[in-house]
Structure formats: C-alpha cells, structure tokens
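Sequence first, then the predicted structure, then my questions.
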Amino acid sequence: RPLHAEAKQWEGLIFRRMGEFEKAQASLEQAELHAIASGHDHLLAEVLGLQALVVGNNRSQPKEGLAIADRAQAVIERVGGDADLSALLAARRGVLHRDAGDLQQAKAAFEDAVSQIEAINPQSVQLGDTLSNLATVTMQLGDLETAVDLQERALKQFETKHGENHPAVGSVVANRATVL
C-alpha cells in the first residue's frame, strides 16, 4: 500500500501541474487513504501538505486548505518532527493565509518558513520562493523598503541557483518593479 500512496501522490502532482485541480485533489485523497492504511506517516504528512495547497490555493478554498494543513502538522508532530516538511508546510500556510486575506498571518507564516529553511539549507530554491512570497505580502502591508530588501534576497537566491536568464529570476525582477 505505501507504493499505491506514492503513485497516487505523483498522480496528484501531475494533475496539479496540468491544471486539473479537482483530479489532483481526488488523487491526493486516495494517496492519503493508502498512506493511513499502510502506516506511512511521513508520506501521509507530505500528501496532506500538498493536498492543503491544492484545495486551499488551486481550488480557492483557503480555510479548508488550512484545516488540512493542521492535520499535516499533527502528523509531522506524531513522527517526531521533520524539519523539511515543517518548513514546506509553513510556506504553504503562508500562501493559504494570503489567499484567505489574512496578510498578517501570511507574513508570520512566511517569516517562520524563511527561518526554518535558512536553518536547514540556506542555498535552497525554496528559500527564494518563500522570500519572494514574503516580499509580496510585506508590500501589500505597506512596508515597501523591507519588500525591496526581500526581493533582492530572493533575486540573489534565484540567480545563484538558476543563473540570471531563468524565468524565476524574471518573475522576481517583475515583482520588484511593482514595488518600486
């Protein structure tokens, strides 16, 4: 059954990338059941974290996504913690709080994620994504100076990882221009 759970997780990821969010959610729900049945809690936490994002962000149901994120957090705690999953879940909570219109909670979640990611792997691509999201929320809250600084950090992160011609770099430059 753990292999079924992993297969359904990958299927959910593929459907998500194709923009088939309802199918992604259905696959992830099946992955969740297989992970529970097999007692594979680490995979269950991964699946729930992704399911939270699909439901909350892609399907525009942020409150439901946050409830799923709470379940993911409980599973992470049950397995004794996992730094990578906790950091990823904090970043996803930031997205969900932003989508729910709670910018202060989004900012706090993104700050928590940045702190966790920096402690795990300061060269992570995930750090660049999270800094960029934090910058956007910070700008929406009116702190333009800090938003520019955060975008600069995100830009350096992406340039280091991808080179200056990567689309992610262009996205950060465009976001920075919005702030300026």
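Sure thing, it's come through.

mind checking which helix or strand the residue nearest the centre of the chain is in?
Using C-alpha atoms, centre = their mean, the residue of the chain that lies closest to the mean C-alpha position is residue 92, 3.3 Å off. Per DSSP states H and E: residue 92 is located in helix 83-99.

counting contacts, what elements does that helix pack onto?
The helices and strands touching helix 83-99, judged by 3 or more C-beta pairs under 8 Å, 6 or more residues apart in numbering; DSSP states H and E, are helix 41-53, helix 62-78, helix 103-120, helix 125-140. Heads up, the C-betas are built off the backbone N, CA and C, glycines and all.

With mean pLDDT, mean neighbour count and distance to residue 86 as added columns, please give the ones you listed in JSON lines.
What follows is the helices and strands packed on helix 83-99, written out as JSON lines (pLDDT from 0 to 100; neighbours: other C-beta atoms under 10 Å; distance: least, C-beta to C-beta, whole Å):
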{"stretch": "helix 41-53", "mean pLDDT": "97", "mean neighbour count": "23", "distance to residue 86": "9"}
{"stretch": "helix 62-78", "mean pLDDT": "97", "mean neighbour count": "18", "distance to residue 86": "6"}
{"stretch": "helix 103-120", "mean pLDDT": "97", "mean neighbour count": "19", "distance to residue 86": "6"}
{"stretch": "helix 125-140", "mean pLDDT": "94", "mean neighbour count": "22", "distance to residue 86": "12"}
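
could you dump these to JSON lines with distance to residue 149?
Formatted as JSON lines, those follow (distance: least, C-beta to C-beta, whole Å):
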{"stretch": "helix 41-53", "distance to residue 149": "27"}
{"stretch": "helix 62-78", "distance to residue 149": "27"}
{"stretch": "helix 103-120", "distance to residue 149": "12"}
{"stretch": "helix 125-140", "distance to residue 149": "8"}
